[in-house]
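A.B. asks: Predicted model follows, preceded by the sequence.
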Amino acid sequence: MKARKIPHTGANFIRTGRDLTSVTLETLLRWQEQLGELYYINMGPLPGFYATADLGMVDEILLKQRARFKKSSMYDGLSLMTGKGLVTNEGEHWKRQRRLAAPAFHMAHLQKVFSLMLEEIDTCMDQLEQRAGEVIHWEQVVIALTMNVVVKGLIGVTLAGDTERFAAASQLGLAHAMRLWKDPFFKYTQHISGAKKRFDTENAFLGELIDRFIQERRETGNEGKLDVMSMFMTAVDEETGEPMDDQQLRDEIMTMFLGGHETSSHTLSWGLLRLRKHPDVVDKIREEVDRVVGDAPLQFSHISQLKYTEMVLNEMMRLDAAVWTIARTCTETITFSNGLSFPANTQFMIPIYAIQRNPKYWPDPGEFRPERFADGLPKKDLKHSYMPFGAGPRICIGSRFAMLELSAILVSLLRRFDVEILSESATYEAAITLAPTSHIDIRVGPRAVTRSRVEAEEPELADVT
């Protein structure tokens with residue numbers, strides 16, 4: 001097996017585990033620079049794994065030889081929360097669930113759901129207007145907003161008084177799930193520290209909440225409902241003629257809850273920090289929105305016309321990938337087209353964050369340049385150099401929902417307010433998603449009626465002192 005020639009992270013697995021847990025992103029970039037696009041991560045008493053940013057290998061893992069791979073143990077902790085939802089499920093059961101869920105995310109149905117999204121976004125903007133001039137913790141506002149948008153789109157109602165608890169429980173659970181994979185000792189210390197007990201408590205709360213929503217819908221019925229739950233509950237598998245059972249419904253709703261709000265909120269949290277240094281980008285977004293939308297209410301049909309806004313969102317997701325890694329395990333001996341062979345049960349991590357900052361594919365990768373996407377997404381041999389929603393048949397089923405949500409929130413914020421971004425940076429935790437762990441503070445005020453490009457040279461947008 002040629003794998004013995006592959007560089008590795010060193011014998012000190014304690015340091016490796018510490019770095020991968022505490023300074024994850026910096027470590028991935030350092031390893032990529034020092035070790036290259038394929039290397040072995042030594043985890044000591046736990047099974048080690050290979051990290052590959054080689055786009056050819058990535059293509060074989062996710063597409064060409066995907067039948068020889070399954071989700072890795074990275075997702076074992078997540079499955080404690082989502083059961084056999086689409087993210088963690090495998091095989092024929094996954095295919096069946098994907099077929100049942102797919103119609104809920106077709107554009108024809110999302111057009112109906114868009115009005116539900118806007119109800120929550122408009123409510124949030126009204127609340128921000130009431131707080132004009134105050135220091136606002138944007139990451140808290142946007143995670144509550146994306147949660148309410150997702151919940152409204154999924155089940156047609158909001159969480160009401162459970163929003164903050166749901167957000168905290170979600171973040172705790174996702175962080176716990178990832179730590180089970182990347183910390184060699186957490187499997188044991190979670191019991192001593194009380195982390196396992198806290199996880200079980202919050203996970204039970206999330207499950208009970210989902211069960212309550214399902215039961216209420218069983219009692220009230222789906223007539224006249226536009227939400228995703230109604231689609232799930234009435235969907236029938238075209239091959240088997242069977243609907244989702246309650247356990248499947250629970251797992252899918254939990255998966256959509258967790259995946260739908262975390263990734264979007266984190267993208268917009270980190271994204272606003274990026275805009276702090278780029279008032280010219282804000283002006284271009286506004287110019288586009290003024291031209292396409294004018295003074296009219298934002299409509300579903302407007303979103304596809306906002307090409308520059310889409311470029312900005314793509315660049316936000318490239319630089320600060322909310323889903324920073326995915327992983328697979330080969331189920332049999334695997335030989336790649338580069339000649340490298342690996343035995344069954346070898347784990348491969350695909351470090352999306354590092355790939356999307358690789359200077360081989362992205363000149364000046366640390367720079368924020370939306371124009372990189374002027375010609376669309378990378379294609380052909382470079383298509384996996386950008387994959388914020390994953391790739392292949394298991395690409396995120398909610399990617400269109402997410403792009404609608406991201407566009408609507410960013411446009412609504414910038415067309416209505418002048419936004420001063422007060423924070424220069426924020427700390428993070430690389431859980432299942434890339435979450436800010438310190439405040440990203442902003443201040444909003446009424447948007448000026450007109451702003452010339454000359455005025456934008458010294459903007460109110462950012463405190464650059």
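C.D. replies: All right, it came through fine. Numbers count the residues shown, from 1 in each chain.
A.B. asks: Mind jotting down where the strands sit in the stretch 351-465 of the chain?
C.D. replies: Remark: strands assigned in the stretch 351-465 of the chain by DSSP state E, counting those that start in this stretch are 417-421, 428-430, 434-436, 441-446.
A.B. asks: any chance of these in CSV, plus mean neighbour count, mean pLDDT and distance to residue 205?
C.D. replies: (Each C-beta comes from the backbone N, C-alpha and C, glycine too.) Formatted as CSV, the strands of the stretch 351-465 of the chain follow (neighbours: other Cβ atoms under 10 Å; pLDDT from 0 to 100; distance: least, Cβ to Cβ, whole Å):
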stretch, mean neighbour count, mean pLDDT, distance to residue 205
strand 417-421, 20, 97, 33
strand 428-430, 19, 90, 20
strand 434-436, 24, 92, 19
strand 441-446, 18, 97, 29
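A.B. asks: Tell me which of those sits nearest to residue 343.
C.D. replies: Closest to residue 343 of these, according to Cβ to Cβ: strand 428-430, at 28.3 Å.
A.B. asks: So which residues make contact with that closest one?
C.D. replies: Around strand 428-430, the neighbours that count as contacts under Cβ atoms under 8 Å, 6 or more residues apart in numbering are 24, 25, 175, 178, 324, 434, 435, 436, 437.
A.B. asks: Return the angle between stretch directions for the biggest helix by length in the chain and strand 417-421.
C.D. replies: Longest helix in the chain by number of residues (criterion: DSSP state H): helix 246-276. Calculated by axes from the mean of the first three to the mean of the last three Cα atoms, to 10 degrees, helix 246-276 forms an angle of 80 degrees with strand 417-421.
A.B. asks: For helix 246-276, buried residues please.
C.D. replies: 248-276 (16 or more other Cβ atoms under 10 Å).
A.B. asks: Does residue 184 touch residue 45 like I think?
C.D. replies: Yes. Counting by Cβ atoms under 8 Å, residue 45 is a contact partner of residue 184 at 5.9 Å.
A.B. asks: show me what contacts residue 44?
C.D. replies: 13, 14, 16, 17, 184.
A.B. asks: Not counting sequence-adjacent ones, nearest residue to residue 173?
C.D. replies: Among residues not flanking residue 173 along the chain, residue 81 sits closest, at 5.2 Å (Cβ to Cβ, 6 or more residues apart in numbering).
A.B. asks: I'd guessed that neighbour sits against residue 206; true?
C.D. replies: Yes. Here residue 81 lies in contact with residue 206, judged by Cβ under 8 Å, at a distance of 6.8 Å.
A.B. asks: what sits in contact with each of these two?
C.D. replies: With Cβ under 8 Å, 6+ apart, residue 81 and residue 206 have common neighbours 173, 254.
A.B. asks: So if I had to pick from those two, which one is more boxed in?
C.D. replies: residue 81 (26 against 21; other Cβ atoms under 10 Å).
A.B. asks: Correct me if wrong: residue 73 contacts residue 47.
C.D. replies: Yes. Under the criterion of Cβ under 8 Å, residue 73 makes contact with residue 47 at 7.4 Å.
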